[in-house]
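**Q** Structure, please.
(chains A and B)
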There are 2 protein chains.
Amino acid sequence: MRLSQYHLPALKENPSDAEIISHKYSLRVGLVKQVASGIYTWLPLGLKVLDKIKSIIKEEMNKSGALEVLMPCIQPASFWQESGRYDSYGDEMLHIKDRNERSMLFGPTHEEAVTDAIRGVIKSYKNLPLLLYQMQWKFRDEVRPRFGVMRSREFLMKDAYSFDKNQEDAEKSYDLMYKTYIKIFRRMGLTPIAVKAETGPIGGNLSHEFHILSETGEDTIYYDSRFSQLLESEDMQELRNIYAVSEGMYDPTKCPISFENLSKSKGIEVGHIFYFGDKYSSPMNAKISLESGQNVPIHMGSYGIGISRLVGAIIEAYHDDNGIKWPEAVAPFKIGLINLQIKDNSCTEAANYIYNNLPIDEVLYDETEDSAGVKFTRMDLIGLPWQIIIGKKFINDGLIEVKKRAGEVKFMSVDAVIEHFSSM
Amino acid sequence: MRLSQYHLPALKENPSDAEIISHKYSLRVGLVKQVASGIYTWLPLGLKVLDKIKSIIKEEMNKSGALEVLMPCIQPASFWQESGRYDSYGDEMLHIKDRNERSMLFGPTHEEAVTDAIRGVIKSYKNLPLLLYQMQWKFRDEVRPRFGVMRSREFLMKDAYSFDKNQEDAEKSYDLMYKTYIKIFRRMGLTPIAVKAETGPIGGNLSHEFHILSETGEDTIYYDSRFSQLLESEDMQELRNIYAVSEGMYDPTKCPISFENLSKSKGIEVGHIFYFGDKYSSPMNAKISLESGQNVPIHMGSYGIGISRLVGAIIEAYHDDNGIKWPEAVAPFKIGLINLQIKDNSCTEAANYIYNNLPIDEVLYDETEDSAGVKFTRMDLIGLPWQIIIGKKFINDGLIEVKKRAGEVKFMSVDAVIEHFSSM
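**A** This is a model prediction of the structure:
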């Protein structure tokens, strides 16, 4: 993509109301633009990150055997009256009346909708286990939306739902999602830590939050410092035994971890999984017949990942004073190509040649008339993993600077540059 | 995908309230499930079709130079008060109050939102032309939602917006979208016909509707029967000269087409493009400076494709009495693999071998215990372009039936089957 033809409305100044670095950078770089309090438009660069995150999630969810569906944003209030949550959910729910005065709502979550979707359809234990997931925009009318896409009102969530014939099978589905979540976050370059959690308004008796460690997180976590190695395990028992608790649950007299292996850090919640049995299937009458002939409510769980929030969480985990440092798997483009000498024919020819010989979707090509300083500052701010810089050293020695955003620099010929990135 | 592990809640009976064939088949096959009047959940099979349509649109829009963004579902009412449409738009708009009693709405279209997104950001003629597009769910509270996904209340739209410095450039953007639309629809196996149209509530002075000819369309069109050959042209003048008018605009005394070249048919509207100049940029103050230094409102156009409606329109165009006949480009799977003899080891081995050697995303593998009759009927109903059938003829002669949904049949060995579909 040629920068001169791109829509990248980067801000020159730091936005004054941005309290945290991901909010500041996502506005300055031009990932999103605010539409109203807690509501954003995703600009081309931000949408590319969102799409890369979605692809990773989709791949891993499909590998787990989950099937993708898409439930509507607008739901009838009657589902929530059936489950008993309509009145208890509170003011975060966006209530709507349609033209016929029917009570509707903008889904803050989809337990009721998915229970309605399978009741009467899934009738026998033979149709189970079943895992359905979607990636859909939700609306939660937060009292105080802030931190940009980290705590917005309209936000994108991956929500999955498991359906099983009994608790034993339901726990297997829960474990499968637990492992799938670890894979998903690690593929994005993140190190997730699973914290045993309260179940809150979703309900149920088994729940874990997945956190990314970050100074700007809103929660404090005590955890085994060796957890990132322990995550390598495929054994569910070992994964579950990794010590990690929220501040409220930490008791130094009962902590099983020795002092030198105990860490304390702030965390950002990026996922939350629940097993809640028949909390929805029972009142909404979603039942199956067992082999014995008995009719029982389906055992359910739900599994959320905050997709739009992850964009913020990744920036919190990967940045420096000059800007974002995207992990390669979610970078909007892998490479920033900078021509510092647009009036020099040899530089422009070399830059165009490189641009035309690398995958167009992975190169952001700065061929603008801006000064070298503006170009460097902007490319560091955008934070693509690699920079290819063509300037005086090319005119003098035929060499191109290939730089990692993290710092490492090499000089190469045009052909070596193409070879280097073609094998990526 | 193994059918036994898929979520395909097909109905045994025709749904009683389905008036048209696409509505009937999309419920019977299990593409969608109704949630409320005019609101649907997209089931795994239907979502795959929707995603294939989205991919084609995305590819062609990107090729045209348009940049993808994503605007929110929920917009502040203030945008529409600025443009002057808030009161005039009528009861189709879903009005919402948030917890602070601010007036919001679920976007029925995004002209205001996109104008807000670029005002103050695009300041100079040098930043133009610009084409932005999104694929986002809209809500229009129809008086009488019907025809399934063809006229639903919550629906998916591709909407694009062009920004230009003057009318001449704006008409070039309009022509570019016109040509892009023809490419998009043709890639889906459809033959679009562009009808000069009224501009309606979007406003403006130049507008075309894109129709798919179908007996169940709601509009009547008079057109040059030779139009499908004429669509091959790259020349905008020739494309625009193709005669096609709505019934209201047809005047036999003024029709330039000779009687033998004139056709009359019902059409389904699947796209609509508008040039409306400064209708939104002027009241919303989205201005640029020209080379002369003068400040002028940006010239805008908007370009819609009904993505979810297209699923219905394609079924209307491609079906027979036995079910759907998906064009290959949008088929949820390309191949239906049927094992008629699941208790015969050689058949099951051959079926598994074929399944494991073809792209898993493109094969729906019926390895259920159902009877041959049920399997044939179901696969015809689902309407995948190809069927691979393994049964008695394999046991006796080592031959597998490879059948086009359209009718044509061949018999092949296992290896020939794999070779045949690998080169697809």
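
**Q** Find the nearest non-adjacent residue to A:Ala194, please.
**A** A:His208 (4.6 Å; CB to CB, 6 or more residues apart in numbering or on different chains). Every C-beta, even on glycine, is put in place using the N, C-alpha and C of the backbone.

**Q** Correction: the previous question concerned A:Pro256.
**A** Distance criterion CB to CB, 6+ apart; nearest residue to A:Pro256, sequence neighbours excluded, is A:Tyr243 at 6.1 Å.

**Q** Do I have it right that that neighbour meets A:Ser258?
**A** No - contact criterion CB atoms under 8 Å: A:Tyr243 and A:Ser258 do not qualify, at 10.6 Å.

**Q** Show me which of the two is the more surrounded one.
**A** In this view A:Tyr243 and A:Ser258 are compared by other CB atoms under 10 Å in any protein chain shown, and A:Tyr243 has more residues nearby, 19 against 8.

**Q** Disregarding residues adjacent in the polypeptide, which is nearest to A:Lys24?
**A** Of all residues not flanking A:Lys24 in the chain, A:Ala18 sits nearest, at 4.0 Å (CB to CB, 6+ apart).

**Q** What is the neighbour count of the one you found?
**A** 18.

**Q** do the same with the one 4 residues further on
**A** The number of residues packed around A:Ser22, counting by other CB under 10 Å, is 27.

**Q** thought it was touching A:Arg309?
**A** No - counting by CB under 8 Å, A:Ser22 stays clear of A:Arg309, with 9.6 Å between them.

**Q** and for those two, which residues touch both?
**A** Shared contacts of A:Ser22 and A:Arg309 (CB atoms under 8 Å, 6 or more residues apart in numbering or on different chains): A:149-150.

**Q** Which residue is the nearest non-sequential neighbour of A:Glu401?
**A** Closest to A:Glu401 by CB to CB, 6+ apart is A:Ile389, at 4.1 Å.

**Q** Please apply the same query to A:Phe139.
**A** Distances taken as CB to CB, 6+ apart place A:Phe106 nearest to A:Phe139, at 4.2 Å, with adjacent residues excluded.

**Q** Please enumerate the strands of the stretch 201-350 of chain A.
**A** Ranges of strands within the stretch 201-350 of chain A are A:206-213, A:219-224, A:244-246, A:262-277, A:287-289, A:295-297, A:299-306, A:319-320, A:323-324, A:335-339, based on DSSP state E, counting those that start in this stretch.

**Q** could I get these as TSV with mean pLDDT and distance to A:Gly84?
**A** Below are the strands of the stretch 201-350 of chain A laid out as TSV (pLDDT from 0 to 100; distance: least, CB to CB, whole Å):
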stretch	mean pLDDT	distance to A:Gly84
strand A:206-213	92	19
strand A:219-224	93	28
strand A:244-246	90	27
strand A:262-277	95	13
strand A:287-289	98	17
strand A:295-297	98	14
strand A:299-306	98	15
strand A:319-320	96	43
strand A:323-324	96	44
strand A:335-339	98	53
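
**Q** Kindly reformat these as CSV containing mean neighbour count.
**A** CSV is the format used below for the strands of the stretch 201-350 of chain A (neighbours: other CB atoms under 10 Å in any protein chain shown):
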stretch, mean neighbour count
strand A:206-213, 23
strand A:219-224, 19
strand A:244-246, 18
strand A:262-277, 21
strand A:287-289, 18
strand A:295-297, 15
strand A:299-306, 25
strand A:319-320, 16
strand A:323-324, 23
strand A:335-339, 25
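
**Q** mind checking which of the ones you listed is nearest A:Asp366?
**A** Nearest to A:Asp366 among those is strand A:335-339; the distance by CB to CB comes to 4.7 Å.

**Q** which other residues reach that closest one?
**A** The contact list for strand A:335-339 (CB under 8 Å, 6+ apart) reads A:347-348, A:351, A:354-355, A:358, A:362-367, A:375-376, A:379, A:382, A:384-391, A:421.

**Q** chain center to the worst-scoring helix or strand of chain A on mean pLDDT, what's the gap?
**A** Of all helical and strand segments in chain A, the minimum by mean pLDDT, DSSP states H and E falls on helix A:227-230, at a mean of 85. Relative to its chain's centre, helix A:227-230 lies at 21 Å (CA atoms, centre = their mean, to the nearest Å).

**Q** quick one: buried residues of that helix?
**A** Across helix A:227-230, burial judged by 16 or more other CB atoms under 10 Å in any protein chain shown covers A:Phe227.

**Q** I figured A:Arg187 hits A:Ile56, correct?
**A** Yes - the criterion here is CB under 8 Å, and A:Arg187 meets it with A:Ile56 at 5.1 Å.

**Q** Identify the contacts common to the two.
**A** The contact lists of A:Arg187 and A:Ile56 share A:Ala329, where a contact means CB under 8 Å, 6+ apart.
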